[in-house]
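# this one's structure only:
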């Protein structure tokens, strides 16, 4: 039996995760769910521990982890979220953040030109380096002479392996995005390894854009992209922009993945949204599609495709939540997807 660890988390996390688990259960695959419902802000505020060593052992002993959301206004600062998300990313070396983006219905696109709405691409983001490694500090804090430094880390290994993964999942085209004209040291590493990778894959259409131009091109015509590969901070920004072009963050799935071990942390992009927690209004599609990514990684490709088709049909029929034009609550929207599973 395949064991999946589940962290419902905070805010709307438990609500959307419940719907994702019900979709997984509907296939009768015999998956076992180990639910770590104590991993949340309440436990952190009580104990000072966000994720214990025992929790990490349970997670690493499973085939993958489904996460709802992490974040609570009571847990001020970034320590709580970093102690959960970044601990898992770094300790399990989940060096790829893979965010597929596909428009399920043209009415959800904010773009005015009909011929340029059909976004169907993926952002492959380096997930363990860059500006998010928390190297830096502050001098003379909270004074007019304050100096703050955050260091961006770029390594040969980190860049090589994320470009290699992006090439491996592309069938047509890969665009590498950086800002090497303004950030030259790390940029040289990205440029050198990108040129080497392109030489090894002449079958792919390869291109390079600076991040500001890439953002502009995404809005002008997202249909030109298949796979975008970039660093941690640029990938964070571009993937959110791409998600908005496909209906919003409530629809957006992701996986933090180690392609070598096959382990992944699967989570919707939307966050904990504490302002709507408990109101049965959260969109469950991001969590459901994250579960579909989990199915695909486990080898259940037909089931994963069926989930994608069911969510598309539910959106087209407006059997969905209000943020994407429907009138259903979270639970009813999840039920609609299950009803449409082929």
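In hand now; what should we look at? This structure is a prediction, so every number in the text was calculated from the model and none was measured.

# for residue 46, what is the enclosing helix or strand?
Taking DSSP states H and E as the definition, residue 46 sits inside helix 41-47.

# helix or strand next in line after that helix, which one?
helix 53-60.

# and the helices in the protein?
For the chain, the helices defined by DSSP state H cover 13-26, 41-47, 53-60, 79-81, 87-91, 156-169, 184-200, 211-220, 232-244, 285-297, 301-316, 330-339.

# flag the shaky bits of the stretch 201-342 of the chain, pLDDT-wise.
342 (pLDDT under 70).

# report pLDDT for residue 115.
pLDDT recorded at residue 115 is 85.

# can you tell me the closest non-neighbouring residue to residue 229?
Once flanking residues are discounted, residue 229 sits nearest to residue 166: 3.6 Å by Cβ to Cβ, 6 or more residues apart in numbering. Any C-beta I mention is one placed from the backbone N, CA and C, and that applies to glycine too.

# just how off-centre is the helix holding residue 46 within its chain?
Computed by Cα atoms, centre = their mean, to the nearest Å, the separation of helix 41-47 from the middle of its chain amounts to 25 Å.

# can you list contacts of it?
For helix 41-47, the external contacting residues (Cβ atoms under 8 Å, 6 or more residues apart in numbering) are 10, 49-50, 70-72, 74-75, 80, 83.

# next one: stretch 165-181
Contacts of stretch 165-181 (Cβ under 8 Å, 6+ apart): 96, 98, 122, 124, 163, 186-188, 190-191, 194, 197, 200-201, 204-212, 214, 225-231, 234, 238, 259.

# tell me how far the ends of it are from each other?
Stretch 165-181 has its terminal residues 24 Å apart, counting by Cα to Cα, to the nearest Å.

# tell me which residues in that stretch are buried?
165-167, 169-170, 174-180 (16 or more other Cβ atoms under 10 Å).

# among the contacts of helix 41-47, which two are most distant?
49 and 71 (16.8 Å; Cβ to Cβ).

# okay, the two: which has more neighbours?
residue 71 (19 against 13; other Cβ atoms under 10 Å).

# so what's that one closest to, chain neighbours aside?
That would be residue 272: by Cβ to Cβ, 6+ apart, it lies 4.0 Å from residue 71.

# list the contacts of the one you found.
9-13, 68-72.

# rerun that using 7 Å as the cut-off
If you count contacts by Cβ atoms under 7 Å, 6 or more residues apart in numbering, residue 272 has them with 9-13, 69-72.

# what of residue 111?
Residue 111 touches 117, 245, counting by Cβ under 7 Å, 6+ apart.

# tell me the pLDDT at it?
93.

# now it: how far from residue 198?
Per Cβ to Cβ, to the nearest Å, residue 111 is found 29 Å from residue 198.

# show me the contacts for residue 331.
residue 280.

# what about 10 Å?
15, 18-19, 22, 280, 284 (Cβ atoms under 10 Å, 6 or more residues apart in numbering).

# same thing with residue 211?
Neighbours of residue 211 in contact, by Cβ under 10 Å, 6+ apart: 177-180, 182-183, 230-231, 233-235, 237-238.

# try 7 Å this time
177-179, 234.

# any chance of the residues you listed in a markdown table, plus distance to residue 288?
Converted to a markdown table, these look like this (distance: Cβ to Cβ, whole Å):
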| residue | distance to residue 288 |
| --- | --- |
| 177 | 29 |
| 178 | 33 |
| 179 | 35 |
| 234 | 27 |
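
# could I get the phi/psi values of the nearest residue to residue 269 once chain neighbours are set aside?
Distance criterion Cβ to Cβ, 6+ apart; nearest residue to residue 269, sequence neighbours excluded, is residue 252 at 3.9 Å. Reported as degrees, to the nearest 10, the phi and psi values for residue 252 are phi -90, psi 120.

# what about the contacts of residue 272, which are in strands?
Using DSSP state E, the members of the contacts of residue 272 that fall within strands are 9, 69.

# how about the contacts of residue 272 in a markdown table, adding pLDDT and distance to residue 88?
Shown next, in a markdown table, are the contacts of residue 272 (pLDDT from 0 to 100; distance: Cβ to Cβ, whole Å):
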| residue | pLDDT | distance to residue 88 |
| --- | --- | --- |
| 9 | 97 | 12 |
| 10 | 97 | 16 |
| 11 | 97 | 19 |
| 12 | 98 | 20 |
| 13 | 98 | 15 |
| 69 | 96 | 14 |
| 70 | 96 | 10 |
| 71 | 94 | 15 |
| 72 | 94 | 18 |
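
# and which of the contacts of residue 272 is nearest residue 267?
residue 69 (7.3 Å).

# for that closest one, the count of nearby residues, please.
Around residue 69 there are 30 residues (other Cβ under 10 Å).

# can you check residue 267 too?
29.

# also residue 2?
Residue 2 is flanked by 13 other residues according to other Cβ under 10 Å.

# mind listing what it touches?
31-32, 63, 298.

# tell me which of those fall in strands.
Within these, residues falling in strands by DSSP E are residue 32.
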